[in-house]
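K.L.:
Test case, fold it:
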Amino acid sequence: MDGNGRWATARGKSRSEGHREGAQAIDRLMDASLELGLKNISLYAFSTENWKRPVTEIRSIFNLLVEFIDTRLDRIHSRGIRILHSGSRKRLTRGVLDKIDFAAETTRKNKKLTVNFCLNYGSRDELLRAAQEAFLRRKREKVPFEKPLKEKELEKFLYTSALPPVDLLIRTAGEQRLSNFLLWQSAYAELYFTDTLWPDFDKTALVHSLDWYGARTRKFGGLTNG
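P.N.:
A predicted model of the protein is given here:
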């Protein structure tokens with residue numbers, strides 16, 4: 001979700017105000033996704049690399065997250081939306097973790113739409129963690145070392161184990177790289193890049209990306225018929 005800062009700067013506002021407007025875009029995205037019948041969305045809310053940003057901006061982002069949950073959770077729950085968290089729990093404050101856990105527990109039985117907040121998330125970190133956990137499990141269960149590790153075995157330890165692979169990856173604000181986001185899960189994703197800044201991303205922009213996706217031919221390494 002790129003472009004909050006640029007959106008704010010272009011309007012003479014603070015970066016914090018840009019992030020606040022970006023939260024409004026999340027509201028619109030959830031509503032549009034329900035209307036369009038989407039089932040799963042993952043949002044790159046804060047990466048493991050984002051800790052390099054100024055302390056004041058980091059504090060603002062997490063304060064906004066807490067406010068987002070406090071003010072919107074009832075509506076999210078009433079609309080049948082399930083909240084998940086993907087990412088390391090390290091470095092997150094107890095207060096932030098409590099809010100995330102409360103949102104996830106409150107909405108865990110909802111089935112209309114799953115919104116996965118990738119917070120303090122980095123895909124390389126996730127893969128290293130999953131590999132280590134898979135190794136430790138094999139060690140406990142005395143699995144022969146020479147037995148090959150299978151994809152499904154590793155996937156059980158990914159943060160996104162409850163979610164399907166990524167079909168469409170949307171990157172806003174003209175950026176054209178993956179930036180350590182869901183690398184394993186996006187192995188066969190269609191990559192859609194748009195110049196639209198995240199605070200301006202609305203239902204029309206989402207529909208446009210879905211129309212583009214619908215016109216793609218997905219072969220998964222095979223050949224199309226004919």
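K.L.:
now the strands: where do they sit in the chain?
P.N.:
Here the chain has its strands, by DSSP state E, at 40-47, 81-86, 113-121, 168-171, 190-193.
K.L.:
what's the closest of those to L127?
P.N.:
strand 113-121 (11.7 Å; Cβ to Cβ). Heads up, the C-betas are built off the backbone N, CA and C, glycines and all.
K.L.:
Which strands and helices lie in contact with the closest one?
P.N.:
Applying 3 or more Cβ pairs under 8 Å, 6 or more residues apart in numbering; DSSP states H and E, one finds that strand 113-121 contacts helix 15-36, strand 40-47, strand 81-86.
K.L.:
Among these, which comes closest to A130?
P.N.:
Comparing the helices and strands packed on strand 113-121 against A130 with Cβ to Cβ, the closest turns out to be strand 81-86 (11.8 Å).
K.L.:
how big is the angle separating the closest one from strand 113-121?
P.N.:
When axes from the mean of the first three to the mean of the last three Cα atoms, to 10 degrees is applied, the directions of strand 81-86 and strand 113-121 differ by 20 degrees.
K.L.:
what helices or strands is strand 81-86 leaning on?
P.N.:
In terms of contacts (3+ Cβ pairs under 8 Å, 6+ apart), strand 81-86 is packed against helix 94-106, strand 113-121.
K.L.:
Just the buried positions in the first one, please.
P.N.:
For helix 94-106, the neighbour count (16 or more other Cβ atoms under 10 Å) marks V96, K99, I100, A103, T106 as buried.
K.L.:
related to what we said a few turns ago, would you reformat the helices and strands packed on strand 113-121 as JSON lines and include distance to F117, mean neighbour count and mean pLDDT?
P.N.:
Listed next are those as JSON lines, based on distance: least, Cβ to Cβ, whole Å; neighbours: other Cβ atoms under 10 Å; pLDDT from 0 to 100:
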{"stretch": "helix 15-36", "distance to F117": "9", "mean neighbour count": "18", "mean pLDDT": "95"}
{"stretch": "strand 40-47", "distance to F117": "5", "mean neighbour count": "20", "mean pLDDT": "97"}
{"stretch": "strand 81-86", "distance to F117": "6", "mean neighbour count": "22", "mean pLDDT": "98"}
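K.L.:
between the longest helix seen in the chain and strand 113-121, how big is the angle?
P.N.:
Identified as the longest helix of the chain according to DSSP state H is helix 55-78. If you take the same axes, to 10 degrees, helix 55-78 sits at 160 degrees to strand 113-121.
K.L.:
what about the residue nearest to R171 when sequence neighbours are not counted, neighbour count?
P.N.:
Leaving aside its chain neighbours, R171 sits nearest to F193 (5.3 Å; criterion: Cβ to Cβ, 6 or more residues apart in numbering). Using other Cβ atoms under 10 Å, F193 has 15 other residues around it.
K.L.:
Also the one 5 residues further on?
P.N.:
Other residues lying near W198 total 26 when counted by other Cβ under 10 Å.
K.L.:
Now for it: which residues touch it?
P.N.:
M1, D2, G3, N4, W7, G22, A25, T172, A173 (Cβ atoms under 8 Å, 6 or more residues apart in numbering).
K.L.:
Quick check: the gap between K142 and L34.
P.N.:
For K142, the distance to L34 (Cβ to Cβ, to the nearest Å) stands at 47 Å.
K.L.:
quick one: contacts for A25?
P.N.:
Neighbouring residues of A25 by Cβ under 8 Å, 6+ apart: M1, W198, P199, D200, F201, D202.
K.L.:
That concludes my questions; thank you for your assistance.
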